[in-house]
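Engineer: give the three-dimensional model of this entry:
(chains A and B)
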Amino acid sequence: MIIAAGELYPIFEWAKELLTGLGLPEVWQHLIIYGALAAILFGTLSVFALFLVWWERKIAAHIQQRFGPMRVGWHGWYQTIMDAVKLLQKEDIRVAIRDKAVFFWAPVLCFVAAFLAYVVMPFGEGLIVADLNIGILYIMAVTTFTVIALLMAGWGSHNKYALLGGMRSAAQVVSYEVPMAVSLLAIVVFTGSLSMQDIVNSQSGYIWNWFIFKVPFGPIAFITYTIAAVAEANRVPFDIPEAESELVAGYNVEYSGMKFAMFFLAEFINLFTVSAIATTVFFGGWNGPLLPSWVWFLLKTFGIVLLMMLFRWTYPRLRVDQLMKFAWKFLVPVTFANLILAGIIKYYGWYW
Amino acid sequence: MALRTEEFQVNMGPHHPATHGVCRMVLTMDGEKVIKIEPVIGYLHRAIEKICENRTYPQCLPLMDRFEYVTSMATNQVFSMAAEKLAEIEVPERAEYLRVIMVELNRIASHLIFYGVTAMDLGAYTPFLYGLRERELILDLFEETCGQRLTYNYIRIGGVSKDILPGFDKKAHAALDTIEQKLEDYEGLLNENPIWLVRTKGVGVLPAEVAIQYGVSGPSLRASGVDYDIRRDDPYSVYHKFDWEVPTRQNGDTFDRYIQRLDEIRVSIKILRQAIDGLPEGDIKAKVKPKFKPKEGEVYNRIESARGEMGCHLVSDGTVKPVRVKLRGSSYNNLQAIPAFATNCMIADLVAIFATMDIILPECDR
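Structural biologist: Numbering: from 1, shown residues only, chains lettered A, B, ... in the order given. Model (predicted):
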């Protein structure tokens, strides 16, 4: 059974019994259950993405002493829903000399890649679709799909700004993938398991069991991970792929309507993904007292999202060569040193 | 197998977020590197100089507002002073003081915009809003005095159009105090930010010789170490009565050009405090006939605007209309210097250089 035991388990048992009662073969039962799960995940995450867009606008507005969206609903709470509806209805303007297939599939791939990571994301106790034993490796693998999508968007648009943006994003995401993975590896060395569920379980108990507090290499790993994650999510100060004052809008300059919305939502889902990974690996995942486990998970994740939003509205943007220099000459050595430190600490047992 | 590489051309503009208007730059690029820059101007050409030839001198003034609308007080002043020189009109002292007050306030407003857009071009969006927030205080003062917020038409031939209201000095002092205090916030936000420093220090160095060769003027020139300010070196109006000094920087890079303008805000505040406190009583406008006829002849008058030397060359044939009006916009010269020193930079640096040269396109195109 791949579905993890826990809060959801009785529901699945019940669903399975119901489906068996209807006389469906086992393959169909699995398909229906996983289809339902996928739909639930998709709906939840889309709501999160819409919320994050609104939240970011409000935070930006308050940093800049503005109000932000105020008109539709209480403090403009359904502004992004209306924006999404508008984008759905908009005419899809396409460049005549685009590379048709590449242009079409780029936003789709970007959108799908953004959701893939949630297969192994532990939202709460037992709230996990599949507890793969290679969990975190799987996440690192599928989040990289985004770069292919951005490169495709840049190439397919037949626009020089878009191409520059696509090339920049390829260079950036591939470079920052290394420090990101290595900073997570430091924790994996410690837990001895790649499974997300195991990582969370090994941090159960009190707050000092969280990896950011428990081990001396935890804070370093968290800082390097956060820097790499901001770059991975293409946000300021590493937003060079879409640098609006240089490349107008970078890779998505030729996209409009729903295709643009897919890029846009994927960006916010990626932001949520990297924050959720940070929560799981460094902040004890869904562990926490009193409140339900998924509430703790969301609270922590949104806290890290808030941190990244504060970065975005405070810092200027780096230049592309400085960005590379920072990744390869600073972040990669630091994360590797941290990994070695983690190994030494684990080997000699210098922890409590 | 060796891969083929080729240079490609990018049209940066006329509609591009970083060109502050409608400048088009034809860039020849080698990847991210810009190997050739050709600025193309003329998208905002309104033939202001030609239209002026069909108008009387006072009728030209509203057009001057549109010549350079970020510091339109200065454009009013440069034309009025030229016409006064031509017609030999004496300006009352109170009017001169009011002109200095308004032009310096306008200079601060312009530099605040500069601060905002430069930060925005380098990726920091928030300072833009902060810059505009403080500019609002100054615009309120203008609105109260002359009813306008952008194109003032306040400085007229022979003086100014309206006297300030009672209580102006208090409001102005309060605004200046706020701005001076907020300047520290601005510097705290960016000046020691490591990302800001790597993006600006040593980037786009404009050597003093190149600057002089291309006729660069204003803060961009002074940031390269050339101590030259028309307000001091070719004194006009009542600037000689105040105690102030010209700030300069030595390196001429993007960072210095940015700091230079923040320093100039402080100098302007210093001048303004003295001018507001020392404002004499008296007339605000000399008696000038609407259709005055200056003597035959020509005159060139120049002032220091927020961007550099702004000049006005008037030729009169003794009728009510000028025969020829030639305006010198400092942005024009500053823009033409960019290819000379910015070639072989990255595209992101070009954006930073363009922003810190503080180019306003209506001033180039006229």
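
Engineer: next one, pLDDT for the closest residue in space to A:Arg66 that isn't next to it in sequence please.
Structural biologist: By the measure of Cβ to Cβ, 6 or more residues apart in numbering or on different chains, the closest residue to A:Arg66 outside its immediate chain neighbours is B:Leu129, 6.7 Å from it. (C-beta placed from N, C-alpha, C; glycine too.) Looking at B:Leu129, its pLDDT stands at 88.

Engineer: so B:Leu129 makes contact with A:Ala61?
Structural biologist: No - when contacts are counted by Cβ atoms under 8 Å, B:Leu129 is not listed as touching A:Ala61 (9.2 Å).

Engineer: so which helix or strand takes in the closest residue to chain B within the stretch 201-350 of chain A?
Structural biologist: Residue nearest to chain B within the stretch 201-350 of chain A: A:Arg317 (2.6 Å; Cβ to the nearest Cβ). Using DSSP states H and E, no element contains A:Arg317; it sits outside every helix and strand.

Engineer: phi and psi next, for the closest residue to it other than its chain neighbours.
Structural biologist: Taking Cβ to Cβ, 6+ apart as the measure, A:Arg317 lies nearest to B:Gly123, with 2.6 Å between them; neighbours along the chain are not counted. Reported as degrees, to the nearest 10, the phi and psi values for B:Gly123 are phi 100, psi -10.

Engineer: hang on, B:Gly123 packs against A:Trp313?
Structural biologist: No - shown here, B:Gly123 and A:Trp313 do not form a contact pair, counting by Cβ under 8 Å, at 10.9 Å.

Engineer: write out the residues of the stretch 101-250 of chain A neighbouring chain B.
Structural biologist: Applying the criterion Cβ under 8 Å from any Cβ of the partner chain, the portion of the stretch 101-250 of chain A that neighbours chain B consists of A:160-161, A:164, A:168, A:236-237, A:239-240, A:243-248.

Engineer: now the two most distant members of those residues.
Structural biologist: Among those, the pair separated by the greatest distance (Cβ to Cβ) is A:Lys160 and A:Pro237, at 24.1 Å.

Engineer: and the two? Which one has more around it.
Structural biologist: Summary of the neighbour comparison: A:Lys160 and A:Pro237, criterion other Cβ atoms under 10 Å in any protein chain shown, with A:Pro237 having more neighbours (25 against 17).

Engineer: does the more buried one sit in a helix, a strand or a coil?
Structural biologist: Using DSSP: H, G, I helix; E, B strand; the rest coil, the three-state assignment for A:Pro237 comes out as coil.

Engineer: can you map out the strands along the stretch 101-250 of chain B?
Structural biologist: If you assign secondary structure with DSSP state E, counting those that start in this stretch, the strands in the stretch 101-250 of chain B sit at B:155-156, B:159-160.

Engineer: okay, those strands, which one's buried deepest?
Structural biologist: Ranked by average neighbour count under the criterion mean count of other Cβ atoms under 10 Å in any protein chain shown, the strands of the stretch 101-250 of chain B are headed by strand B:159-160 at a mean of 26.

Engineer: tell me the residues of the stretch 51-200 of chain B that contact chain A?
Structural biologist: Of all the residues in the stretch 51-200 of chain B, those lying near chain A are B:119-126, B:129-130, B:133, B:189-190, B:193, B:195-196, B:198-199, going by Cβ under 8 Å from any Cβ.

Engineer: taking those one by one, which sit in helices?
Structural biologist: When DSSP state H is applied, these are split such that B:119-121, B:126, B:129-130, B:133, B:189-190, B:195-196, B:198-199 fall in helices.

Engineer: now the two most distant members of those.
Structural biologist: Greatest spacing in those, by Cβ to Cβ: B:Arg133 and B:Val198 (27.3 Å).

Engineer: quick one on the thing from earlier: neighbour count winner among B:Gly123 and A:Trp313?
Structural biologist: Each of B:Gly123 and A:Trp313 had its neighbours counted (other Cβ under 10 Å), and the higher figure belongs to B:Gly123 (27 against 18).

Engineer: what sits against the more buried one?
Structural biologist: A:236-237, A:239, A:243, A:245, A:315-317 (Cβ atoms under 8 Å, 6 or more residues apart in numbering or on different chains).

Engineer: repeat for B:Lys162
Structural biologist: B:145-146, B:154, B:284.

Engineer: ranking those residues by neighbours, who comes first?
Structural biologist: Across the contacts of B:Lys162, the neighbour count under other Cβ under 10 Å reaches its highest value at B:Tyr154, namely 25 neighbours.

Engineer: which residue is the nearest non-sequential neighbour of it?
Structural biologist: Nearest non-adjacent residue to B:Tyr154, counting by Cβ to Cβ, 6+ apart: B:Cys146, 4.3 Å away.

Engineer: one more: A:Tyr78?
Structural biologist: Setting aside the residues directly before and after it, A:Tyr78 is nearest to A:Val72 in space (Cβ to Cβ, 6+ apart), at 5.4 Å.

Engineer: what is the neighbour count of that neighbour?
Structural biologist: The burial count assigned to A:Val72 is 14, neighbours taken as other Cβ under 10 Å.

Engineer: so it touches A:Thr80, yeah?
Structural biologist: No - checked against Cβ under 8 Å, the pair A:Val72 and A:Thr80 is beyond contact range at 9.5 Å.

Engineer: shared neighbours of these two, anything?
Structural biologist: In contact with both A:Val72 and A:Thr80: no residue, using Cβ under 8 Å, 6+ apart.

Engineer: for the closest residue to chain A within chain B, give its distance to A:Phe330.
Structural biologist: When distances are taken as Cβ to the nearest Cβ, chain B reaches nearest to chain A at B:Gly123, 2.6 Å away. Taken as Cβ to Cβ, to the nearest Å, the spacing of B:Gly123 relative to A:Phe330 amounts to 20 Å.

Engineer: closest to B:Val351 out of the contacts of B:Lys162?
Structural biologist: Proximity of the contacts of B:Lys162 to B:Val351 (Cβ to Cβ) peaks at B:Tyr154, which lies at 33.9 Å.

Engineer: mind listing what the closest one touches?
Structural biologist: So B:Tyr154 contacts B:73, B:76, B:102, B:142, B:145-146, B:148, B:160-162 (Cβ under 8 Å, 6+ apart).

Engineer: just checking, which of those belong to helices?
Structural biologist: Counting by DSSP H, the part of the contacts of B:Tyr154 found in helices is B:73, B:76, B:102, B:142, B:145-146.

Engineer: pull the most distant pair out of those residues.
Structural biologist: Largest separation among these by Cβ to Cβ: B:Asn76 and B:Thr145, giving 13.1 Å.
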